[in-house]
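# Take a look and give me a structure for this.
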Amino acid sequence: MNERPEIADEREGCQTASRISGLDSVQPGRVVRVKKLCAGDETDCRLREIGVCEGQIIRLIARHSSLICQVCNTRLALNAGLGRAILVEALS
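Residues are numbered from 1 along each chain as shown. All right, here's what the predicted structure looks like:
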């Protein structure tokens, strides 16, 4: 997956506004809420179809060669590039 230049700009702006970061930077065991998808129209649509959408709660299970996360009682494996494009906010 090719990272679009505007993703980095959106991410940078969001990080200064609040506690928003990419899913790829979350520590295993943490629970986060999806704030924005920045992977491109087709990929964003597919992520929403499998339950990864704005407002959704996600628990990161593991970070190895891929990110293993739990979404709606289902475990998903996502590559790190895709994890970078899923902007999340930590829950207290």
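# From now on I want contacts and neighbour counts done on CA atoms only, so please keep to that.
Noted.
# Could I get the pLDDT score of the residue nearest to residue 27 when sequence neighbours are not counted?
Using Cα to Cα, 6 or more residues apart in numbering and skipping the chain neighbours, the partner closest in space to residue 27 is residue 60 (7.1 Å). The confidence metric pLDDT takes the value 96 at residue 60.
# tell me which element residue 60 is part of?
According to DSSP states H and E, residue 60 maps onto strand 57-63.
# Distance from the following helix or strand past that strand to the middle of the chain?
Remark: after strand 57-63, the chain's next helix or strand is strand 66-71, criterion DSSP H and E. For strand 66-71, the separation from the chain centroid amounts to 10 Å (computed by Cα atoms, centre = their mean, to the nearest Å).
# Pull the residues that contact strand 66-71.
24, 51-52, 56-62, 75-80, 83 (Cα atoms under 8 Å, 6 or more residues apart in numbering).
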